[in-house]
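In: sequence below, structure please.
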Amino acid sequence: MHYLITGHTGFKGAWLSLLLSARGHTVSGLALDPTPGALFETAGVDSILANDERIDIRDAAQTARAVQTMSPDVVIHLAAQALVRDSYRDPRTTFDTNVMGTLNVLEAVGATPSVKAHVVITTDKVYRNVNRAAGYVESDALGGADPYSASKAMADILTQSWITSFGGTPTAIARAGNVIGGGDVSRDRLLPDLLSAFTSGTPAPIRYPDSVRPWQHVLDCLDGYLTLADALLDGGGLGEWNFGPGEESFVTVANVADRAAALWGAGASWVRDEGDHPHEAGLLALDSTKAERELGWRNRLPFPLSLEWSVDWQRQSDDASAVTRSQIATFDAL
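Out: Next up, the predicted model:
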């Protein structure tokens, strides 16, 4: 099976490329250049790709040309401006990429007869957040206080509208939350910031230590996306789907920082960042009962093991390719 990943040079995209390759699939990618030092580079992802197109999804014509030329069987649309704080700095690029870029991909897929399944990735932040303890379910109202969340809610609604209005390629929407794992070099994300500080021997500044997040290993999340793609290929899987961890993984930022520091050792520590920061939700969680019941998907890695794998990856990052492939093999053997 030939998979095309938009955003394959990003953190999730690089892991997904290697996961698909390990499972015997042909993989192509369409994305911007990777961030210097990103997993895509350090793990040599380019070596396993059938096609590696560097295209901005805001360019409708180039996106359509690339998808039609590569003629994949399955498209996983990951490409996005994915950082909340960057969405405050540059809201126009965030909306152009996440909304109009998604429309361009939907149009390109619709014009490519080879595509048998299309999974559009949004986020847990598409839900109108009322800070409730229970996880959000797929039928809950969408919304978004910050530009990133609003742009992804718009992309989600756009995709639902496209499916209803135009049909065509079997398409579904996957919503997931915070993922952790080795090789993430994105700015303003908790675990990369922690490990960077620990590596340099300085205390890690934490913005919102009391915020609760549902922490999930990137491989569990990606396995959900691929389970959904398989369902589409089998004639099911339509609609919207949550892929999040169980309640045992709903942990405060401070708890994550404490656990990561203990795993790292060597006097690793963190401090509260008292600066003025943009709004972030205090609590946001997903209810993934639908995916568990109807798709047979489940998380394989509990939170403590997910964190341990992430710290172990960093310790072995001098051979990023080997440790990434080893963790994929171990995950698939569970």
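
In: please name the nearest non-neighbouring residue to Thr97.
Out: Gln81 (4.5 Å; C-beta to C-beta, 6 or more residues apart in numbering). C-beta here means a position set from N, CA and C on the backbone, and glycine is covered the same way.

In: distance of the one you found relative to Asp56?
Out: 11 Å (C-beta to C-beta, to the nearest Å).

In: higher neighbour count, the two?
Out: Per other C-beta atoms under 10 Å, whichever of Gln81 and Asp56 has more neighbours is Gln81, with 20 against 15.

In: spit out the contact partners of the more buried one.
Out: Ser87, Asp90, Thr93, Thr94, Thr97, Asn98, Tyr148, Ser151 (C-beta atoms under 8 Å, 6 or more residues apart in numbering).

In: re the thing from before, mind checking pLDDT for the residue nearest to Thr97?
Out: Looking at Gln81, its pLDDT reads 96.

In: Thr159 versus that one, what's the distance?
Out: Relative to Thr159, Gln81 is positioned 17 Å away (C-beta to C-beta).

In: residues contacting Val311?
Out: Contacts of Val311 by C-beta under 8 Å, 6+ apart are Leu195, Ala260, Leu263, Trp264.

In: okay if I get these as a markdown table plus pLDDT and secondary structure?
Out: Putting the contacts of Val311 into a markdown table (pLDDT from 0 to 100; DSSP: H, G, I helix; E, B strand; the rest coil) gives the following:
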| residue | pLDDT | secondary structure |
| --- | --- | --- |
| Leu195 | 91 | helix |
| Ala260 | 95 | helix |
| Leu263 | 95 | helix |
| Trp264 | 95 | helix |
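
In: so what touches stretch 124-141?
Out: In contact with stretch 124-141 (C-beta under 8 Å, 6+ apart) are residues 84, 142-145, 148-149, 152-153, 156, 175-178, 214, 239-242, 244, 247, 281-290.

In: ok, Asp332 - how many residues close by?
Out: By other C-beta under 10 Å, the residues close to Asp332 number 13.

In: who's in contact with the helix or strand containing it?
Out: If you go by DSSP states H and E, Asp332 is part of helix 320-333. Identification of contacts with helix 320-333 by C-beta under 8 Å, 6+ apart yields 15, 18-19, 22-23, 39, 42-44, 182-183, 219, 223, 300-301, 309, 312-313, 316-317.

In: from the chain's centre, how far out does that helix sit?
Out: Relative to its chain's centre, helix 320-333 lies at 18 Å (C-alpha atoms, centre = their mean, to the nearest Å).

In: only alpha carbons, please: show that helix as CSV.
Out: C-alpha atoms of helix 320-333 as CSV (Å, rounded to 0.1, in the frame of the first residue of the first chain):
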residue,chain,number,x,y,z
ALA,A,320,18.5,8.4,16.4
SER,A,321,17.8,6.1,13.5
ALA,A,322,18.6,2.9,15.5
VAL,A,323,16.7,3.9,18.7
THR,A,324,13.6,5.1,16.7
ARG,A,325,13.5,1.9,14.7
SER,A,326,14.1,-0.2,17.9
GLN,A,327,11.2,1.5,19.7
ILE,A,328,8.9,1.0,16.7
ALA,A,329,9.8,-2.7,16.6
THR,A,330,9.1,-3.1,20.4
PHE,A,331,5.8,-1.2,20.1
ASP,A,332,4.6,-3.4,17.2
ALA,A,333,5.5,-6.5,19.2
